[in-house]
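Peer 1: Show me how the following folds:
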Amino acid sequence: MVLLATSVVYFHALGTAPAYIGGDEARFATGAWSLATTGRDLAGNRLPLFFHMPETLASGDGGARWYQPLLFYAMAVGFRIAPFTEQSARMPSVVIGILDVFLIYGAACRVLGDRRPAILAALLLAFSPAHMIFSRQALDYVWPVPFALAWLWCLTASLQTGSRWLAFAAGAILGVGFYSYIASWVTMPLLLLLTWIAQRRAAANAAPQIIAATLGFVCPVLVAAVWLGFHPEMWRDTIGRYNVYDARHLSMLQGLKAAFARNDLFARVSVYWDYFNPAYLFFAGGSNLTMATRKVGVFLLPLSAFLICGLKECWRRKSSAMGIIVLGGLAVAPVPATLLGERYAIQRELVVLPFATLIATLGAVFLLRHQLRAVRLAGVFLLLTVPVQFAYFCQDYFNDYRIRSAYWFDPVNFRGVAEHLIAASSKSGAPIYLSEDLDDVAARWRFYLVKHQRPDLLQRTSLFAAANLDVRSVTPGSLLVLYPNDPRIPALLGPEKCTVEASINDIAGARSAIILQRAPAVQEARPQSAGSQ
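Peer 2: Model prediction:
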């Protein structure tokens, strides 16, 4: 019943909430479509390990963006079954979100030893606003969560049974999870470290299990290490993109030393501490409207009381392997974002969700089983407010939030722009010019061309810098797309220059883009001959 209810809510209005496809969603979708139809990425690489996505309309222009592979391959499988739409692009992430709810039930059964609290853990995770928000986007932020949960189940089972194969499986799951999202490059090794600590705590002779878990982790990650040896530009581009250090002039050791310089230490501690700020966790959520509604936090408000009680219970069990794993997972989650110096970037620490949910479940059980009747009644009251606040969150998410967040996902309303351009260009055959200033213009244009089965229009499309555009060089009849407040527009308008062909509005009714048309060529009058006179 929990899985059914989760599926109904998470799949509801998937193509229209969020209202628009984001830039990275478009990149994932078009890359996966290329993989599904040709077996290659947009750059022509066959079944790549990491995806080098173009920044411009040219497929071979890789830029500095490299992406993890798992979401691309999952979406490619989906596109072999379903048509290319916003809904089908987001569907793999929804499946992952539902899988998380199932996996936390299994992990909680192992950790807590009781099925009823495990059902409660599944409900609390399904009701987490951050989990639902990221499970409905065609992005890989939520993809480390099922690996963390599967690792937790295998590790717990191996500690309880002494199985080396389960220890190997726990390490292998972390190794495969290394390819789920870029933050996993930090998170998964740290979870392996927790594995060693828990194994050492659980058994006097833990060496065989530690070796098994380590081998399981190394086998998948070794593939990436070998691949990076042949593609060092991926490491340089990624490190440079996230401003970790200057990878083009410093070695890895020099860069890590610079990244952990003493003058950055206190700033990093401050960033790390902010990830446990109650205002962030229970009231506001992420730092922008693509990551949170700003009406609720990462978790619903009643979980604040559950977490306090749960932390007390975990601290009481801190010497046990289970206490180490759960508290350690909670502590590890903000580390990737902390290393980048980013505050309140919930997308970088989504592995906090299962650990915090398990702790909150432990706290709820503590309240509901307390000796004092008043405490038990307080626990019941808090538990009943969880679906009430979740209903409030859903009502806002599927209505007002769609409008509030539309600009953050796509300030151009490129869906409206693309539909107009495809219709107009199909009739006239006019070339298309897109301003480079439009947000993620190349990725979004490629997405809608694939959706409407008009990839041929890509050959008729050019990007331009409005500040440097000489309108006389534009083919007569061409269509030009700019922001409506672009300061260059007055200079482009005129009888022999451009006219306003259309104005595009966003979901809130505000102008989001303007489409100009280059004036047709003026044909000079031919002089009449003497005979015709």
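
Peer 1: CA only for contacts and neighbour counts going forward, please
Peer 2: Noted.

Peer 1: tell me which residues of the helix or strand containing Leu190 are tucked away?
Peer 2: Taking DSSP states H and E as the definition, Leu190 sits inside helix 184-202. In terms of neighbour count (16 or more other CA atoms under 10 Å), helix 184-202 has its buried residues at 184-192, 194-202.

Peer 1: Now do the helix or strand harbouring Phe381, average pLDDT.
Peer 2: Secondary structure assigned from DSSP H and E places Phe381 in helix 373-397. The average of the pLDDT scores along helix 373-397 is 96.

Peer 1: Make 7 the first number, not 1, from now on.
Peer 2: Renumbered: residue one is now 7, and that last one reads helix 379-403.

Peer 1: contacts for that helix?
Peer 2: Contact with helix 379-403 is made by 23, 133, 135, 299, 301-302, 306-308, 370, 373-376, as judged by CA atoms under 8 Å, 6 or more residues apart in numbering.

Peer 1: of those, closest to Pro284?
Peer 2: The closest of the contacts of helix 379-403 to Pro284 turns out to be Leu307 (CA to CA; 9.5 Å).

Peer 1: circling back: ranking the contacts of helix 379-403 by neighbours, who comes first?
Peer 2: Within these, most neighbours by other CA atoms under 10 Å means Ala370, with 28 neighbours.

Peer 1: which helices and strands sit right next to the stretch of helix or strand that one belongs to?
Peer 2: Secondary structure from DSSP H and E places Ala370 in helix 358-374. Packing partners of helix 358-374 (3 or more CA pairs under 8 Å, 6 or more residues apart in numbering; DSSP states H and E): helix 92-118, helix 121-132, helix 150-167, helix 309-322, helix 327-338, helix 379-403.

Peer 1: Same list, these, but as TSV with distance to Leu444 please.
Peer 2: Compiled in TSV, these are given as follows (distance: least, CA to CA, whole Å):
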stretch	distance to Leu444
helix 92-118	20
helix 121-132	36
helix 150-167	31
helix 309-322	41
helix 327-338	37
helix 379-403	26
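
Peer 1: Need the ones you listed in TSV (columns: mean neighbour count and distance to Leu41).
Peer 2: Below are the helices and strands packed on helix 358-374 laid out as TSV (neighbours: other CA atoms under 10 Å; distance: least, CA to CA, whole Å):
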stretch	mean neighbour count	distance to Leu41
helix 92-118	23	13
helix 121-132	23	31
helix 150-167	23	22
helix 309-322	19	42
helix 327-338	21	34
helix 379-403	15	32
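
Peer 1: what about these, which gets the closest to Asp492?
Peer 2: Of these, nearest to Asp492 by CA to CA is helix 92-118, at 28.8 Å.

Peer 1: Any chance you could list what contacts the helix holding Leu196?
Peer 2: Taking CA under 8 Å, 6+ apart as the rule, helix 190-208 contacts 150, 161, 165, 177, 180-181, 183-185, 212-213, 215-216, 219-220, 223, 325-328, 330-331, 334-335, 338-339, 341-342.

Peer 1: what inclination does it have with respect to helix 327-338?
Peer 2: If you take axes from the mean of the first three to the mean of the last three CA atoms, to 10 degrees, helix 190-208 sits at 160 degrees to helix 327-338.

Peer 1: quick check: mean pLDDT across helix 190-208?
Peer 2: According to the model, helix 190-208 has a mean pLDDT of 94.

Peer 1: Just the angle for it relative to helix 150-167, thanks.
Peer 2: 10 degrees.

Peer 1: C-terminal to helix 190-208, what's the next element?
Peer 2: Sequence-wise, the next helix or strand downstream of helix 190-208 (DSSP H and E) is helix 213-236.

Peer 1: so what does that next one touch, helix or strand wise?
Peer 2: Applying 3+ CA pairs under 8 Å, 6+ apart, we find helix 213-236 packed against helix 170-183, helix 190-208.

Peer 1: Between those, which one is closest to Ala95.
Peer 2: Set against Ala95 and scored by CA to CA, these come closest in helix 170-183, at 20.8 Å.

Peer 1: circling back to that earlier point, now do the helix holding Phe387 against helix 121-132, angle only.
Peer 2: For helix 379-403 against helix 121-132, the angle by the same axes, to 10 degrees is 30 degrees.

Peer 1: gap between Gly422 and Ala290?
Peer 2: Between Gly422 and Ala290 the computed distance is 31 Å (CA to CA, to the nearest Å).

Peer 1: And the closest residue to Ile216 other than its chain neighbours, how close does it get to Gly168?
Peer 2: Excluding its sequence neighbours, the residue lying closest to Ile216 (CA to CA, 6 or more residues apart in numbering) is Trp202, at 5.8 Å. Distance of Trp202 to Gly168, given as CA to CA: 14 Å.

Peer 1: Grab the CA positions of the helix holding Ala370 and hand them over as CSV.
Peer 2: Taking C-alpha atoms only, helix 358-374 is exported to CSV below (Å, rounded to 0.1, in the frame of the first residue of the first chain):
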residue,chain,number,x,y,z
VAL,A,358,21.3,12.2,4.1
LEU,A,359,17.7,11.2,3.4
PRO,A,360,17.9,7.5,4.3
PHE,A,361,20.1,8.0,7.4
ALA,A,362,18.0,10.9,8.8
THR,A,363,14.8,8.9,8.0
LEU,A,364,16.1,5.9,10.0
ILE,A,365,17.1,8.1,12.9
ALA,A,366,13.7,9.8,12.8
THR,A,367,11.9,6.4,12.8
LEU,A,368,13.9,5.4,15.8
GLY,A,369,12.8,8.6,17.5
ALA,A,370,9.2,8.0,16.6
VAL,A,371,9.3,4.5,18.0
PHE,A,372,10.9,5.9,21.2
LEU,A,373,7.9,8.3,21.6
LEU,A,374,5.2,5.8,20.7
